[in-house]
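1. 3D model of this:
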Amino acid sequence: MFEITLGNWPPVYRLLSEKVSEWFMLLCILHKLVIGFAVVGVINGVFIQETFKVASSDNQIMMRQKERSYKLHEMKMRQLFMEAD
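-> The predicted structure follows:
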């Protein structure tokens, strides 16, 4: 089934159509269209979901680092002005 769905499917289909019946070619093509594209669509969906998850976490990490940087800069500036007085 893996070979029919995602692998090298033409030899399998040719064997079925030559040895069993030509109607299997139609059935096999319908199987390839329905199942093959559905599986590929699910795999694409998972990859896209994981990509967006990583991208959003990267933005959050970046924002936290910026906030820490601003707080550190504010603390240093307060110390500078306190010592300057």
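2. lowest-confidence helix or strand of the protein?
-> Least confident element among the helices and strands of the chain, by mean pLDDT, DSSP states H and E: helix 2-5 (a mean of 71).
3. centre of the chain to the helix or strand just after that one, how far?
-> Proceeding N to C from helix 2-5, the next assigned helix or strand is helix 9-19, under DSSP states H and E. Distance, stretch centre to chain centre, for helix 9-19: 33 Å (Cα atoms, centre = their mean, to the nearest Å).
4. then stretch 54-61?
-> Using Cα atoms, centre = their mean, the offset of stretch 54-61 from its chain centre is 15 Å.
5. just for the chain, where's the confidence low?
-> When residues are selected by pLDDT under 70, those of the chain lie in 1.
6. in the protein, where's the longest helix?
-> Longest helix in the chain by number of residues (criterion: DSSP state H): helix 37-84.
7. and the least confident helix or strand of the chain, what other elements does it pack with?
-> The helices and strands touching helix 2-5, judged by 3 or more Cβ pairs under 8 Å, 6 or more residues apart in numbering; DSSP states H and E, are helix 9-19, helix 23-31. Quick note: C-beta positions are derived from backbone N, CA and C, even for glycine.
8. how about TSV for the ones you listed, with distance to residue 80 added?
-> Shown next, in TSV, are these (distance: least, Cβ to Cβ, whole Å):
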stretch	distance to residue 80
helix 9-19	71
helix 23-31	73
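9. of the ones you listed, which approaches residue 85 most closely?
-> With Cβ to Cβ as the measure, helix 9-19 is the member of the helices and strands packed on helix 2-5 nearest residue 85 (79.8 Å).
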